[in-house]
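Engineer: give me a 3D structure for the following:
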Amino acid sequence: MKLGAFSISLSVKNLQKSKEFYTKLGFDVIGGDEKMNYLIMQNENSTIGLFQGMFKNNILTFNPGWNQQAHKLEKFEDVRSIQQSLKNDGIPLISEANENTTGPASIILMDPDGNQILIDQHV
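Structural biologist: Model (predicted):
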């Protein structure tokens, strides 16, 4: 199973303070919108999302169809295929993608310790 680009989505209290902190660690803004209360930052192949007021806990995020620089891949495993594999393995899903659609979709699951995992396909 190929999950795509990995990042961690951080629930932050103050977007500007978090941006300043991660900038000092060598991260650069590569996406997002401060007016919408989120930024995507990168340091080499490490990607973090800073999200203010959007969710309660941090989330492990995978993006099928993207490489680590958020560029579209020619070939990738569709999120619906990943969803079916997880279901076949008996892994419960919190939310599912509509199997009758194509293109962007997402699924959410939890690991055994309660860490939320988002598999979010943008293409």
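Engineer: what pairs with the residue nearest in space to the middle of the chain across the strands?
Structural biologist: Nearest to the geometric centre of the chain sits Thr61, at 2.9 Å (Cα atoms, centre = their mean). When bridges are called by DSSP bridges, Thr61 pairs up with Ser7, Leu118.
Engineer: switch to numbering from 622
Structural biologist: Okay, using 622 as the starting number, the last item reads as Thr682.
Engineer: test my guess that it contacts Leu624.
Structural biologist: No. Using Cβ atoms under 8 Å as the test, Thr682 is too far from Leu624 to be in contact (9.6 Å). (Glycine included, C-beta is placed from N, CA and C.)
Engineer: list residues touching both of those two?
Structural biologist: Ile740 (Cβ atoms under 8 Å, 6 or more residues apart in numbering).
Engineer: next, Gly647: phi, psi?
Structural biologist: phi 100, psi 10 (degrees, to the nearest 10).
Engineer: next one: it relative to Gln663, how far apart?
Structural biologist: Distance of Gly647 to Gln663, given as Cβ to Cβ, to the nearest Å: 10 Å.
Engineer: who's more crowded, those two?
Structural biologist: Gln663 (19 against 11; other Cβ atoms under 10 Å).
Engineer: and the more buried one, what does it touch?
Structural biologist: Gln663 neighbours (Cβ under 8 Å, 6+ apart): 648-649, 651, 669, 690.
Engineer: what about 10 Å?
Structural biologist: Taking Cβ atoms under 10 Å, 6 or more residues apart in numbering as the criterion, Gln663 is in contact with 628, 643, 647-652, 669, 689-691.
Engineer: report the buried members of those residues.
Structural biologist: Using 16 or more other Cβ atoms under 10 Å as the burial test, those include 628, 643, 648, 669, 691 as buried.
Engineer: I'd like those as TSV, with secondary structure, pLDDT and distance to Glu717 appended.
Structural biologist: Rendered in TSV, the data for those read as follows (DSSP: H, G, I helix; E, B strand; the rest coil; pLDDT from 0 to 100; distance: Cβ to Cβ, whole Å):
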residue	secondary structure	pLDDT	distance to Glu717
Ser628	strand	96	22
Tyr643	helix	98	32
Phe648	coil	98	32
Ile669	strand	97	26
Ala691	coil	86	24
